[in-house]
Each structure stands twice: as structure tokens, then as C-alpha cells.
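Q: sharing a model that was predicted from the sequence below.
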Amino acid sequence: MIALFWILICIVAYTYFLYPFVILVFSVFINLFKKYENNTRVYEPEVTLFVTAYNEIDFVEAKIQNSLCLDYPKEKLHFIWVTDGSDDGTLEALKKFPGLNVYHENERKGKISAINRGMQFVKTPVVIFSDANTLLNKECIRAIVNEFKNKKTGCVAGEKRIIPLNKDNAVNSGEGIYWKYESILKKAESDVNSAIGAVGELFAIRTELFPAIDPDIILDDFVISLRIAQKGYHIKYASDAIASERASVNIHEELKRKIRIAYGGFQAIIKLKLLLNPFRNTLLSLQYISHKVLRWAIVPFSFPVLFLINLYIITIQPDSVFYNYSFGLQCIFYLFVCIGYLLQSKKTSIKLIFAPYYLFIMNLSVILGFIRFLKKSQPVTWERSIRE
């Protein structure tokens, strides 16, 4: 029991602290000794902004106006929208804007099927994927294509930011902290070798590298980007390419979203099983296992097991100072989880008070997502989470 306790402690510490620290240190050293090329060559390939939309009438106009204001030569920027299954007026709204290539089928088969179908119409060397409810900063396309100057770059991940209407509640505080942490980690991974995955709100690939994806895939962005990395190309992180979206309206909606993501995570582990072999692509595999696999497959289950083992140890060794302290710290953590739960809809300026609660929700969603994965009960078509 004691050995298992320490194994789990080491895994949790490695996943949340040691791995990010090591990657950050390597990133700093690489940037210190990196030879910067004075490459002033203007690189403006033709690009396609690709949006899949299912019943996004509330966001269509804002998304298009935002897209038309992007700083990139108009003759080199193309737009593709795939609206399969939409019946709320999304298709009709898009037809009001000239210059858009809109493809529609009445049957809704899921996002990845829409992507697979729409990609046959992409004729540009670079395709940028973005969500309909996401707004992009003006310079994002230039920031993305700049990374493609390097022929070994196969995918570019943008930065996701949360726009809170209510900055003081649990969802906004927790999600904001989480994405800042993820952004720092992905930037460091990108500096060292390759960022692990991309977010669907904003990422780009070389069109020729697009891998046909199974239609049952949930995390299309993650699987597409990692499949490209498996081919020997890098996923670079463009922190100046920013996608902004509203936070989930409440913790229930956020939990619903994260359960779906967790289901997709377990699915991705199976689909990307070759990446679990460090002898095929050592550095990429180690990054993938450290950043995603441990966080999805082991760490969430470690928390309740650690609590129960610790309780057992202090029961048989009541005089053990260390294990009593460690159990006390766990109790304090769960106390803050309860406080976060009670204050989730209240306004407070102490945002860090929600960090334990959000961490708990993240790990709970993985456990629930795993149960759903075992039951195979996640449809490829889902209702999006309600956002502010």
C-alpha cells in the first residue's frame, strides 16, 4: 500500500509539476542559445479559413465580420463553411455574404464527417480551422503562416482565450487559469520539439498532410494534429494567433463539455496507440505520454485512491507524522473543493479559491468520461455546451 501511495504521488507530481518544469527549463535554454535567422521574406501563401457550423445562427454574422477584418490579402484568403444538418437559418444567413463557399447536406453526421467532406474542396496549401463561435485577432493568419516558413512544420496551434462576462465565478476563474497554464506549457513544448495537440477553436495544417479521420472521432483537432506529428512534422504554437470565446455559462455545462472531451481522450489513446511506443518517436512519445496520457488515464483515478490509501495508512500507523500531514493536506484540498462548490455562483475577487474546485471537476469529468467510454455511449453528434 505504501509503495502504491508513493508511485501515485510521483505520477501526480510529475504530471502537474515536474514535466512542465523540465519542459520550461529546456525551452528557456533553447531560446537562450537559439540562432535567430534574419528572415524578412514575406510569406503569404493562399489560405482557406474552414468553419464547420451546426445551428450557429447566433454567431454567424459576428464570425463573418470578424473573418473579413483579418489582416491578410483578400485575394489570398478563401472561406469554406460546412453547415451539414443546420436547420435554424445558418445556411440562409451565410448565403447573404458573397465570397463564401458554403456546403450543406440535410443529414447531420458529426463534425469530423463535415471536415472530411469539406476538405475535398480546399485548394490552398494551408487550411485554417476555426469554430463558428470563436473570434480571431486581426493578425492571427500572419502569425500562423509565419510558422509554415519552416518546411518541417506541419501544423500550427493557435492560443485559446476565455472571455468571461462574469470574471468572479468558478467556471470563468478555473477555465481561465487552466488555459493560461496550457498556453505556457504548449509554447514550451513547441520550443523544445512539438506542441502536443491543437484546439479546434484555431489551428492550421498543410493541406497535403490532412489525414482522413474515422467518422467516429470526437477530438478531431487533437487527432488530426498528432497524426501529422506522427509523420515527422512539428506542431508549432503561435501565441500571437488568438482565438477568443465565452466561458461555459455554469459548471454543469462545463462538466458536460469536459466529459465529452475525456471520452474523446480515451478514444484518442486507442487511435494513437503507436505514439505510446517511445522507440518509434522518442521525444514526441514522451511528451505525449507526459502531457496527455498520464493526465487522462492515471492522474484522475489517483486522487481518490491516494485518499483511501492514506486513510488506511494512518489507521494502521496512527503515530506517523508524515502520513497524518499528507492526509490533512488532502482534507484541506477537498475542503476548498467544497468551498468552491458553495461559492461557484457567487462573486469573489479571490479567484484562486476556485482552482481546487476546477481541478476536481476536471478529474471527475475524466472518470465520468471513462465510464461513458466503456459504455460506448458518446454520440459523434452532440449538443454544444451553453456559453455566456
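A: Sure thing, it's come through.

Q: burial count for residue 12?
A: As a burial measure, residue 12 scores 19 neighbours (other Cβ atoms under 10 Å). Where you see a C-beta, it was placed from the backbone N, CA and C, and this is true even at glycine.

Q: my bad, residue 11
A: Residue 11 - counted by other Cβ under 10 Å - has 16 other residues nearby.

Q: in terms of helix, strand or coil, where does it fall?
A: helix (DSSP: H, G, I helix; E, B strand; the rest coil).

Q: and it, how far is that from residue 315?
A: 24 Å (Cβ to Cβ, to the nearest Å).

Q: and if you look at residue 100?
A: Using Cβ to Cβ, residue 100 is found at 66 Å from residue 315.

Q: can you give me the strands in this protein?
A: With strands called from DSSP state E, the chain shows them at 47-52, 77-82, 100-103, 126-131, 135-136, 153-163, 202-206, 234-246.

Q: make CSV out of these and add mean pLDDT and mean neighbour count.
A: CSV is the format used below for the strands of the chain (pLDDT from 0 to 100; neighbours: other Cβ atoms under 10 Å):
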stretch, mean pLDDT, mean neighbour count
strand 47-52, 98, 24
strand 77-82, 98, 21
strand 100-103, 96, 16
strand 126-131, 98, 23
strand 135-136, 98, 23
strand 153-163, 93, 23
strand 202-206, 98, 26
strand 234-246, 95, 21
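
Q: may I have the phi/psi pair for residue 194?
A: Dihedral pair for residue 194: phi -150, psi 130, per degrees, to the nearest 10.

Q: please report how far residue 11 lies from residue 106.
A: Counting by Cβ to Cβ - residue 11 and residue 106 are separated by 48 Å.

Q: out of the strands of the chain, which comes closest to residue 340?
A: Judged by Cβ to Cβ, the one of the strands of the chain that comes nearest to residue 340 is strand 153-163, at 17.3 Å.

Q: nearest the middle, which residue of the protein would you pick?
A: The centre of the chain sits closest to residue 199, judged by Cα atoms, centre = their mean, with a distance of 4.2 Å.

Q: what is the nearest residue to that residue once chain neighbours are set aside paired to in the beta sheet?
A: Excluding its sequence neighbours, the residue lying closest to residue 199 (Cβ to Cβ, 6 or more residues apart in numbering) is residue 160, at 4.8 Å. When bridges are called by DSSP bridges, residue 160 pairs up with residue 243.

Q: contact partners for residue 160?
A: Going by Cβ atoms under 8 Å, 6 or more residues apart in numbering, residue 160 touches 179, 182, 183, 199, 201, 202, 243, 244, 245.

Q: low-confidence bits of the stretch 151-300 of the chain, can you list those?
A: By pLDDT under 70, the low-scoring segments of the stretch 151-300 of the chain are 164-173, 249.

Q: could you pull out the helices for it?
A: 170-192, 220-230, 251-271, 282-288, 294-297, 299-316 (DSSP state H, counting those that start in this stretch).

Q: contacting residues for residue 370?
A: Applying Cβ under 8 Å, 6+ apart, the residues near residue 370 are 262, 263, 266, 300.

Q: the third one against residue 295, yeah?
A: No. Judged on Cβ atoms under 8 Å, residue 266 makes no contact with residue 295 at a distance of 11.8 Å.
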